[in-house]
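[1] Sequence and predicted structure below; questions after.
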Amino acid sequence: MKKILGCFKTYLFYVKILVVVTIASAFIPVLNPLIAYGEEDHHMLFSIFADLGGIEKYFESVLSSFSLMGNVLYVMMLLFYVGMVCYFCGIILLLGKGQGGKRSIFTGSLIFLMVYLVLFIVYFSINRELYQNANELISSAADVWFHIPPGIYYHFILALAVAVLSVLGSGIDFKAVWYGMRLNWIHRFKGGVHPTPHKNTRSKPIETLPPQKEMIYPLLQHIGAICEPCVKVGDYVRVGQKIADTSAAVAAPVHSTVSGTVTKICDWDHPTGNRIPAIIVENDFEDKRAECFQESCPDYQSKSPEELIYMIREAGIVGMGGAAFPTHIKLASGLGRVDTIVINAAECEPYLSSDHRVILESADEILGGLEIVRYIMGAAHMFIGIENNKPDAISLLHKKLAKSHIKVVILKTKYPQGGEKQLIRAVTGRVVPSGKLPADVGCLVLNVDTVIAIYRAIVTGSPLMRRIVTVAGHGVERTGNVHVRIGTPFSAVLEYFGYKPSTKKLIMGGPMMGSAQYSLDAPVIKGTSGLICMTKEQLTMDRDVNCIRCGSCVSACPMNLVPSYIAQYVKNEQFDQVEKLHAGDCIECGCCSFTCPAKIPLIQYMRIGKQKVNEMKHQTAGGNKA
Amino acid sequence: MSELIVSSSPHSKDHRNVSAIMGYVLIALSPAAVGSVLYFKLQALLLILISILSCVLFEFLYNMICKRKQTIYDCSAIVTGVLLAFNLPSTAPLWLPPIGALFAIVVVKMLFGGLGRNVFNPAIAGRILLFISFPQFMTGCWVAPFDSVSAATPLAYLKNSSGELVTITSKFTVGDCLLGNVGGCLGETSAALLLLGGIFLLYKKVITWHIPVSFIGTVAIVTLLLPRYNDISAIQYMLYHIFSGGLFLGAFFMATDYATSPITPVGRIIYGIGCGLITVFIRYFGGYPEGVSFAILLMNCFANYLDKKTIPVQFGGERRVIWKTKSKD
Ligand code: SF4
Ligand code: SF4
């Protein structure tokens, strides 16, 4: 039944067109079959210009003095006129987009059209005779350019004037116009999809979840090596005390976020789906701070960048966007090479709004953190890339950064706008070559929340201990953003929001790239940006059918790959072909699976292909050495 | 506590599946269908219904006899049925569509492995089979809408009347072609209604602009630059070519058929240009006044090859590096 209703809804498209055409046909006879359907009306298409002040006669005389040249000129004139009108309408449309509001698009273009029409009718009725003898002016094709009837000029001037007036009159920010234009013509990457945003948690202030009795600290909260515990069972730990570390290069230490006694060190459910060693601390609720908190240093400029990076490492900071790559490695590898820092505030995943709330609630800390990062990297340019669906955050940042060198770049709302390579392309126009890192084109990408963590680590000396988690989905009674101490089990967070047992799927992170959880005992770790509880109705579980070769995966892939063919080759185990199609460049964003109407799990084939291709590369590399 | 499902990301998917897409195509075809029923009355309605029914029935029977998974729910057979009917003249006898449907569904589609695996567009293959086997029903007895007198199609005029004094403009205006007040197949008479459906498909992102634009654009440019008819201006000549015959039907609904067209953007443009060139070639020099279906059928053979040759450069791949790090000195 729902489907049938939905079917009728799509017919609304025609109804809309019909309404527009009916209204317009009052002014433009060609659109109205009843009026325009005449015996001699051979130029019915062109009589559209009959209303525009005798131009039709003008064009007719061009046609009657037919020559190839005349036709070409005529088409050019036509394009010119249409182009002008489109141009003005286009600006008005962009105005609305740049500001993130939909209403201004409509009001802008309505003002434009209404004023234009009224002025035109008035003008036409006064100056009727101006057009009467337009055709006497033209006797050859060359005259087209020299004897343009006054009507055309008046149209251009009129349109221009009205456009300027309506732009001025609607009180629109010209900066936004500029951004709007760049947004559409420069600041973009190819491909991507538009999942339903579901961002209704963004208007809710961040709440705070009290710490739990039992806190769990997995020894792996980042990409890289597992840490070694540096406390024993029975030890007393304090807030902010380092409890695990390693000498491996790619890793970040783990800190306790409560004070209490270590009760167990054992394998525990981990959000990645494995069981991984964890330190369990029983909270004594006294929140005794560790004396070994590193010293704070508000005058960070007295330290060298290397020292600051070491402090960042000691604070256990990792990328807060979800991937959790240790930040100190990123900074250290970019030292001396990076001239542009891009702050990722795009938050393109559906449901998630933690970054959005953080910008609204701790903008000053972000600015402080940005200065620190700038000092460390010695970078010349700083950009904050933010999607245009967060108008309040954008205007706040504009206000705060009015006199600063940091530029806010408004991005189109599109997934995966927050992907590193896509963000760099959209903000700076640079393309990270295949197989290279952002630092190779002089860019460094940091999440907003990471910047805040850096600020706290350097200025107040506190390690990374909290995480803002978005809780959403139909599986919880209320949704929102919550300030959680790292190590709190999922069950506690979800209880706080009224967990319903009807939840069929629990996702850590966003629905596009997050991982499905099998256990509520797993704790919140550094990369837990959201907990989405999906019920049965929210899940799409169609079985997959033949590839129908629709090509939507090709147009959706932000890396410009051809997922359908790659999947086919992976199925046939033709891995040399898979490599030829650059499967190794896949960023596993999931756009292809999302959009595929045949519901083929393309991303799984991509993962297999990618893995095989990398293995093959290793083998050949090893073979060369030997 | 209930069991939690663990699966690979992405966890939300587009609600659009194959049957939804076919539904959109049907909705897009419906203005032209309504138009044809208005123009050609009961006969058109019957032809369309019989064609749809026989397509669905043959697919159903094929799956049943071969003991395969039933695939009629994806609605693609309905689309094939409508398209097949759109390619019949209004005077076609009612037993004609089932023959076309049998060939289109069983031979062209199902024997190749079903939707997505077929090499040729089933509706076009069906039409061409009928065209070759039953020329007496498929050509030469066009009826003008409304008044049911026999009339030739505009393209036939463009082809034949160069020696006669009767000029095409006295028979049909460009506006007639646009609205569909000309002789022709059920679905191809009204360019405006087809365009409406085509815009709907573009708006819903069911098809991309590449094929229709390059197809129609090629036909427009060639006919504008090389008109073969001197009584009317080149622009008018071009407009007649664009708005008449199955060009809009072919460009928006049949050349864009997923399974038989390339999936890469560049491949699609080349495919469209190829279709356009062959269409004009047949219209100018071929034995039939209409060439769209043959053009599409011929280009179908190249779809896969075009894909292989036009794999897009991956993001950040060579040849696309538009920015180089400035060396710091
Ligand atoms: S998962 Fe890989 S192949 Fe699929 S859209 Fe993303 S980058 Fe392209
Ligand atoms: S989106 Fe799915 S059905 Fe369409 S071409 Fe890609 S794999 Fe095939």
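    On my side now, so go ahead. Ligands and ions are numbered 1, 2, ... in the order given.
[2] From A:Glu361, how far off is A:Cys547?
    Taking CB to CB, to the nearest Å as the measure, A:Cys547 falls 46 Å from A:Glu361. Any C-beta I mention is one placed from the backbone N, CA and C, and that applies to glycine too.
[3] Looking at these two, which one has more neighbours?
    A:Cys547 (23 against 14; other CB atoms under 10 Å in any protein chain shown).
[4] List the residue ranges of the chain that fall below the pLDDT cut-off.
    All of this refers to chain A. Where chain A drops to pLDDT under 70, the residues are A:1-188, A:291-297, A:621-626.
[5] Chain B, not that one
    Low-confidence segments of chain B, defined by pLDDT under 70: B:1-2, B:139-181, B:229-234, B:245, B:289, B:318-329.
[6] ok, the residue nearest the centre of it to ligand 1 distance?
    The centre of chain B sits closest to B:Met254, judged by CA atoms, centre = their mean, with a distance of 2.2 Å. With the distance defined as CB to the nearest ligand atom, to the nearest Å, B:Met254 ends up 29 Å from ligand 1.
[7] That residue: what's it in contact with?
    Counting by CB atoms under 8 Å, 6 or more residues apart in numbering or on different chains, B:Met254 touches B:Leu83, B:Asn121, B:Ala123, B:Ile124, B:Gly246, B:Val292, B:Ser293, B:Ile296.
[8] Burial check on the third one, number of neighbours?
    It refers to B:Ala123. B:Ala123 has 31 nearby residues by other CB under 10 Å.
[9] looking at it, it is touching B:Ala104, isn't it?
    Yes: using CB atoms under 8 Å, B:Ala123 makes contact with B:Ala104 at a distance of 6.0 Å.
[10] Residues that sit against both of those two, list them.
    With CB under 8 Å, 6+ apart, B:Ala123 and B:Ala104 have common neighbours B:Thr80, B:Leu84.
[11] For ligand 1, what's its nearest residue on the stretch 151-300 of chain B.
    Residue nearest to ligand 1 within the stretch 151-300 of chain B (CB to the nearest ligand atom): B:Ile263, separated by 13.5 Å.
[12] which residue sits closest to that residue in space, ignoring its chain neighbours?
    A:Gly551 (3.6 Å; CB to CB, 6 or more residues apart in numbering or on different chains).
[13] and the one you found, backbone torsions?
    Torsion angles at A:Gly551 (phi, psi; degrees, to the nearest 10) stand at phi 80, psi 0.
[14] Same check on B:Ile273?
    phi -60, psi -40.
[15] so what's B:Val37 up against?
    B:Ala44, B:Leu45, B:Ile48.
[16] can you confirm it is in a helix?
    Yes: judged by DSSP: H, G, I helix; E, B strand; the rest coil, B:Val37 forms part of a helix.
[17] before we move on, the earlier item: just the contacts of B:Val37 now: which is nearest ligand 1?
    B:Ile48 (38.9 Å).
[18] Surely that closest one touches B:Cys185?
    No: applying CB under 8 Å as the test, B:Ile48 and B:Cys185 come out as separate, 11.7 Å apart.
[19] which neighbours do the two share?
    B:Phe86.
[20] What about the contacts of B:Met254, which are in helices?
    Residues of the contacts of B:Met254 located in helices (DSSP state H): B:Leu83, B:Ala123, B:Ile124, B:Val292, B:Ser293, B:Ile296.
[21] so how far is B:Ser214 from B:Leu277?
    10 Å.
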